[in-house]
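Enquirer: Structure for this input, please:
(chains A, B, C and D)
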Number of protein chains: 2
Amino acid sequence: MSRNKFNDLNCSLSDSLNLIGEWWTILILRESFFGTRRFEDFQQQLGIARNILTARLSTLCESGILERVPVKQGAKRHEYQLTTMGRDLLTIVIALTQWGDRWLRKDQGVPVTFIERNNGEEIPKVCVRAKDGRELKTRDIAMLPGSGASEDTRNRLKQIAEKWEKRMQQESNS
Amino acid sequence: MSRNKFNDLNCSLSDSLNLIGEWWTILILRESFFGTRRFEDFQQQLGIARNILTARLSTLCESGILERVPVKQGAKRHEYQLTTMGRDLLTIVIALTQWGDRWLRKDQGVPVTFIERNNGEEIPKVCVRAKDGRELKTRDIAMLPGSGASEDTRNRLKQIAEKWEKRMQQESNS
DNA sequence: AATCATTAGTTGCAATTTGCAACTTTTTAT
DNA sequence: ATAAAAAGTTGCAAATTGCAACTAATGATT
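Expert: Below is the predicted model of the structure:
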């Protein structure tokens, strides 16, 4: 059977993963952020199979994350460039990299450091923050149905909230 | 041939993706953040095949993102709970969800809104920020070799920097 | 203690996906 | 004009995924 494209979950997370959750896709995006634009360069930097690269680049273009741009005026050959939508994935690329740095490189040391180009200051940890900049953890966050919530989503969120209540009570009793 | 476990790229991003980049893994983690702990509940909520769920939960436990905890004192049956390492992935789950909200739900409306549990305020956009809270974009960020950089990494970073210089010059000339 | 339902997996098989390498077709460079 | 590089495409073998049926424990009920 075909790989479920996570559809029925009424969650933007599944939608995102349908577009960028495939093998190689995020590494291709990382290369894009590094300035790589040409098929051959992606292929050599990543060592990805050419047919897979073709497929991924096509999906990324179709979904509006990359766009094909002529190499120069009127040329038929093209480059793959990040769109605004694609550049907005920077957060995710950096967050994943930082997480790997923190948890998988404890001993070996960090391979790459991100700094601000202006002043050379190290980029702080990307994390969920309140308006005032405090880092928020799981238990600081709750969920409400949004404007596009289905009946299913509403029910699920209610369930989750109740379960959470119950757990908090248990904890305070013990 | 086996799926390349992106090894030779000396980048924490590839390491992260090796652990959480597989199909279903991030959705399983989302369920964990929602409070799901039992095999059967993951299975029903996600509709994932049981063998795949088994495989993913095992990988997640082996890599220290989840841990198996007895359901109660001395019970042999267990639950899957996020570790600190796992909870630190909240950033990524929320960032991916928000990205989907922004770019894939323009019309339909957002299914779920994240708020602060304390005060009900909406959670701001997760993004790369400077210390003072400014959102940083791709061009505000540069990379330096870190303490664990291989010779290859150093060379690559040098290349990238040079390429960037060149591009900036071209832009200023035109 | 015996029976039954639930939970948590396992197994086998069919359908997809991936990787590799060789081949084609345009462009670009000399 | 010729050669080399760029950008894919194609065919086939190997690996992964999904499904459904099966098994083995636990927990609940009588």
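
Enquirer: hey, which helix is longest across chain A?
Expert: helix A:151-173 (DSSP state H).

Enquirer: any idea which element the spatially most central residue of chain A lies in?
Expert: When Cα atoms, centre = their mean is applied to chain A, the residue found nearest the centroid is residue A:92 (3.8 Å). Residue A:92 is located in helix A:90-104, with elements delineated by DSSP states H and E.

Enquirer: Remind me what that helix packs against, helices and strands.
Expert: Applying 3 or more Cβ pairs under 8 Å, 6 or more residues apart in numbering or on different chains; DSSP states H and E, one finds that helix A:90-104 makes contact with helix A:25-33, strand A:112-116, helix B:12-20, helix B:90-104. C-beta coordinates here come from the backbone N, C-alpha and C atoms, glycine included.

Enquirer: Quick check: buried residues in stretch A:65-82?
Expert: A:65, A:66, A:79, A:80, A:82 (16 or more other Cβ atoms under 10 Å in any protein chain shown).

Enquirer: what's the farthest-apart pair in those residues?
Expert: A:65 and A:79 (14.4 Å; Cβ to Cβ).

Enquirer: Give the full set of residues in contact with the closest residue in space to residue A:65 that isn't next to it in sequence.
Expert: Excluding its sequence neighbours, the residue lying closest to residue A:65 (Cβ to Cβ, 6 or more residues apart in numbering or on different chains) is residue A:86, at 4.0 Å. For residue A:86, the contact set (Cβ atoms under 8 Å, 6 or more residues apart in numbering or on different chains) comprises A:29, A:32, A:60, A:64, A:65, A:66.

Enquirer: For DNA strand C, what's its nearest residue on chain A.
Expert: The nearest approach of chain A to DNA strand C comes at residue A:76, 3.0 Å away (Cβ to the nearest atom of the strand).

Enquirer: quick one: pLDDT of the closest residue to that residue other than its chain neighbours?
Expert: For residue A:76, the nearest residue in space outside its immediate sequence neighbours is residue A:70; the separation is 7.3 Å by Cβ to Cβ, 6+ apart. pLDDT for residue A:70: 88.

Enquirer: again, but for residue A:76
Expert: On pLDDT, residue A:76 comes in at 78.

Enquirer: Would you mind giving the secondary structure of it?
Expert: State at residue A:76, reduced to three classes by DSSP: H, G, I helix; E, B strand; the rest coil: coil.

Enquirer: What separation do you get for it and residue A:69?
Expert: Look at residue A:76 and residue A:69: by Cβ to Cβ, to the nearest Å, they are 12 Å apart.

Enquirer: and if you look at residue A:62?
Expert: Remark: distance between residue A:62 and residue A:69 (Cβ to Cβ) = 15 Å.

Enquirer: swap in residue A:128?
Expert: Plainly put, residue A:128 is 34 Å away from residue A:69 if you go by Cβ to Cβ.

Enquirer: what do you get for residue A:126?
Expert: In terms of Cβ to Cβ, residue A:126 sits 29 Å off from residue A:69.

Enquirer: returning to that earlier point: so which of the buried residues of stretch A:65-82 belong to helices?
Expert: Assignment to helices by DSSP H places none of those there.

Enquirer: Out of those, which comes closest to residue B:140?
Expert: Of all those, residue B:140 sits closest to residue A:82, with 14.8 Å by Cβ to Cβ.

Enquirer: hey, what's the closest one bridged with?
Expert: Taking DSSP bridges as the rule, residue A:82 bridges to residue A:66.
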